[in-house]
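# Got a predicted model here, sequence first, then my questions.
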Amino acid sequence: MTAQTMPLAKALTAGLRASLEADEKVLIMGEDVGRLGGVFRITDGLQKDFGEHRVVDTPLAESGIIGTAIGLAMRGYRPICEIQFDGFVFPAYDQITTQLAKLHYRSRGLIQVPLVIRIPYGGGIGAVEHHSESPEALFAHTPGLRVVSPATPQDAYDMIRAAVVSPDPVLFFEPKGRYWSKGEVDLSSPVPSLDGGGPDPLGAARIARAGTDVTLVAYGPTVATALSAADALAAEGTSAEVVDLRSISPLDVPTVVGSVRRTGRCVVVHEAPTFFGAGAELAARVTEECFYSLEAPVLRVGGYHTPYPVAKIEHDYLPSVDRVCDAVDRALSH
């Protein structure tokens, strides 16, 4: 089948549909996911085609959604839960971090909990706090959870299918500010493996653009920002390599380290606050493993250590091409 051009949102819909068709134990549950098709219409049409017993409208109770899904997963189902907005996940934080993440370990490997939690996250849509947050580091800090985020429509289609077949619980962070960015999607692509042995494993980073002077590491919504910055830098004679992290936990450290050893400089870009963010862990890992290759300190570009601002000034809060280019200039000045 030839590739089709579609928005990232529709690629996710296609991936969910493929997962429902492939396994009758797969079900979707969440607030307004059925008749409405979700706030962002990601599940549009799925209840009509698969029935109310597989695409389930739930009460407005995130703790109840996740708690119920954990029980279903323990009984052999593969639930996909939708959290309407990033900031709404916190009522279920207890269930996710103290139960979901620990059941496999607590049972000495006897219990698997194959549960996917879809979380639209990040800014850029003109929404206020609880609707534009980036809490991925809170979950990446919890052992027992996979935390991933696609940046392209093809990855959205491939990674959601891989997440559904994973035996591990997966926090699937969807960059809602990029939902309508279009790209080619091959709907006949095989389901990626989890860690190796197949195309683009779920836990693997990818080189989105090759370069020689500096490595830009990004994931989810900031991959497009990093690529735009690389274009701007190229016009000034600087060659930037862009690494799309794809997985935040586990981290594909070898791909990042290999790039930094080639370029000698590293700038990490994410929308979440830089304070205790994923970029801090990356900076530490790169410094530990690339110390003798680095020509400059590892720099970070991200949100500020404040609650998410009002829509009028959110673009001053979010990483921009100018802020990324400024960080690169500072790295090159060493």
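Ah, there it is. Residues are numbered from 1 along each chain as shown.
# From the rest of the structure, what touches stretch 3-13?
14, 40-46, 150, 152-154, 156-157, 160, 174-175, 178-187 (CB atoms under 8 Å, 6 or more residues apart in numbering). Bear in mind the C-beta positions are built from the backbone N, C-alpha and C, glycine included.
# List the contacts of the residue nearest to residue 243 when sequence neighbours are not counted.
Closest residue in space to residue 243, ignoring its immediate chain neighbours: residue 217 at 4.7 Å, by CB to CB, 6 or more residues apart in numbering. Residues in contact with residue 217, defined by CB under 8 Å, 6+ apart, are 226, 243, 245, 256, 259, 266-269, 279, 282.
# mind checking the end-to-end distance for stretch 53-63?
Stretch 53-63 has its terminal residues 20 Å apart, counting by CA to CA, to the nearest Å.
# how far is that stretch from where the chain is centred?
Chain-centre distance of stretch 53-63: 23 Å, with CA atoms, centre = their mean, to the nearest Å.
# can you tell me how far the residue nearest to residue 243 sits from residue 299?
Applying CB to CB, to the nearest Å, the value for residue 217 to residue 299 is 11 Å.
# re the thing from before, return the subset of the contacts of residue 217 lying in strands.
243, 266-269 (DSSP state E).
# and of these, the nearest to residue 24?
Checking the ones in strands among the contacts of residue 217 against residue 24 with CB to CB, the nearest one is residue 243 at 37.9 Å.
# helix/strand/coil for residue 328?
helix (DSSP: H, G, I helix; E, B strand; the rest coil).
# show me what contacts the closest residue to it other than its chain neighbours?
Leaving aside its sequence neighbours, residue 328 sits nearest to residue 214 (CB to CB, 6+ apart; 5.3 Å). Residues in contact with residue 214 (CB under 8 Å, 6+ apart) are 233, 238-241, 263-267, 328, 331-332.
# List the contacts of the one helix or strand residue 234 maps to.
Assigned by DSSP states H and E, residue 234 falls within helix 222-235. Outside helix 222-235, the residues that touch it by CB under 8 Å, 6+ apart are 151-152, 178, 181, 208-209, 211, 213-214, 216-218, 239-242, 244, 269-271, 319-321, 324-325, 328.
# same deal with stretch 44-63?
By CB under 8 Å, 6+ apart, stretch 44-63 touches 13, 16-17, 20, 24, 26-35, 37-38, 43, 64-65, 68, 83, 88-92, 94-95.
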